[in-house]
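Asker: Return atomic coordinates for the entry below.
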Amino acid sequence: MKRNCFYSFHYVPDCTRVAQIRSIGAIEGNSPASDNDWESIKGGGDKAIKKWIEDQMKGTSCTVVLVGSETANRKWINYEIVHAWNQKKGVVGIYIHGIKNIKGETTTMGKNPFDYIDYGNAGKKLSSVVKCYNPAGATSKDRYDWIKTHLANAVEEAIRIRSEN
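Answerer: Residues are numbered from 1 along each chain as shown. As a prediction, this is how the structure comes out:
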């Protein structure tokens, strides 16, 4: 069964990497906003951005954070993670630094975005329960194939983890 998921990612540096992953088809994903749509949404301020994110997450069961070199601790990425978690949705991270962009370039591995989100009252971080996978492989194709093979299972596991926490 394909799950409906929300993809969270840093648009400018990672959009072509994300497009490749979205094309896998292992899960159903939200449609990304075009550059023009996003500029219009941003023009409405924080309230409009929150509403757009919340509307995009309706009907989803998991948020997949595609982690590039600059994804961690960004205001709206953090908001998406927290909102998904608070809505009892699964949350999972997949590092995408080893996937080539449209120019054939890879990038450095980013930090775990869940290290920046508090979890519970004991000073823990969300990374203590939410998984962030670093796809195996030496090449972009190897890493893409890992994601293609394991993405649906990672989503199912994230949903299970959320139901238990």
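Asker: I'd like to know the predicted local confidence at Tyr144, please.
Answerer: What the model reports as pLDDT for Tyr144 is 94.
Asker: Can you spell out which helices and strands pack onto the helix or strand it falls within?
Answerer: Element membership of Tyr144, judged by DSSP states H and E, is helix 140-164. Identification of packing neighbours for helix 140-164 by 3 or more Cβ pairs under 8 Å, 6 or more residues apart in numbering; DSSP states H and E yields helix 11-22, strand 62-67, strand 90-95. Every C-beta, even on glycine, is put in place using the N, C-alpha and C of the backbone.
Asker: can you rerun that using 10 Å?
Answerer: If you count contacts as 3 or more Cβ pairs under 10 Å, 6 or more residues apart in numbering; DSSP states H and E, helix 140-164 packs onto strand 4-8, helix 11-22, strand 62-67, helix 75-86, strand 90-95, strand 132-133.
Asker: If I average pLDDT within each of those, which one is lowest?
Answerer: Taking the mean pLDDT of the helices and strands packed on helix 140-164, helix 11-22 comes last: a mean of 88.
Asker: Least confident secondary structure element in this protein?
Answerer: Of the helices and strands making up the chain, the lowest-confidence element is strand 28-29, at a mean of 64, by mean pLDDT, DSSP states H and E.
Asker: check contacts around the residue lying closest to Ala158 once chain neighbours are set aside.
Answerer: Leaving aside its chain neighbours, Ala158 sits nearest to Gly90 (3.3 Å; criterion: Cβ to Cβ, 6 or more residues apart in numbering). Residues near Gly90 by Cβ atoms under 10 Å, 6 or more residues apart in numbering: 3, 5, 60-64, 84, 130, 154-163.
Asker: Quickly list what Gly90 is bridged to.
Answerer: Going by DSSP bridges, Gly90 is paired in beta bridges with Cys62.
Asker: quick one, what contacts the residue nearest to Arg74 when sequence neighbours are not counted?
Answerer: Nearest residue to Arg74, sequence neighbours excluded (Cβ to Cβ, 6+ apart): His10, at 6.1 Å. For His10, the contact set (Cβ under 10 Å, 6+ apart) comprises 18, 65-72, 74, 76-77, 110, 113.
Asker: Check the residues you listed and tell me the two furthest apart.
Answerer: Maximum pairwise distance in those, criterion Cβ to Cβ, is 16.8 Å, between Ser69 and Trp76.
Asker: how far away is the residue nearest the centre of the chain from Gly43?
Answerer: Centroid-nearest residue in the chain: Val65, 1.3 Å away (criterion: Cα atoms, centre = their mean). The gap separating Val65 from Gly43 is 25 Å, by Cβ to Cβ, to the nearest Å.
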